[in-house]
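[1] everything below, folded, please.
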Amino acid sequence: MSIKSNKVKEALARHHPRISLVFLPTTRSPELNLIKVRWLYWMQQQATNNSKFLNEQDTGKDVSYWTYDYNKKTCRQNKHC
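    Below is the predicted model:
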């Protein structure tokens, strides 16, 4: 653990005692962070569709729609939902 990590842990303990840090085994494990996998997939879909968003609400709506469709397809394929 580095000096910076120790300073962060000490500051958290002092100011936010209910928060604890959890370190992942490596920094290069996107398969452990599903949001990164889904975000990359969503970005690729938007790039192929030439989508443009005018504001945060439009982006949020599209992410919500995409997540709903993705979950629906995944449930159908895996038959565990």
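[2] give me the distance between the worst-scoring helix or strand of the chain on mean pLDDT and the centre of its chain.
    Least confident helix or strand, the chain: helix 34-49 with a mean of 74, by mean pLDDT, DSSP states H and E. Relative to the centre of its chain, helix 34-49 is centred 11 Å away, using CA atoms, centre = their mean, to the nearest Å.
[3] by contact count, what packs against that helix?
    helix 56-78 (3 or more CB pairs under 8 Å, 6 or more residues apart in numbering; DSSP states H and E). C-beta here means a position set from N, CA and C on the backbone, and glycine is covered the same way.
[4] what about the helix it packs on, average pLDDT?
    Mean pLDDT, helix 56-78: 82.
[5] which ones are touching the residue nearest the centre of the chain?
    The centre of the chain sits closest to Ile35, judged by CA atoms, centre = their mean, with a distance of 2.8 Å. The neighbourhood of Ile35, defined by CB atoms under 8 Å, 6 or more residues apart in numbering, contains no residues.
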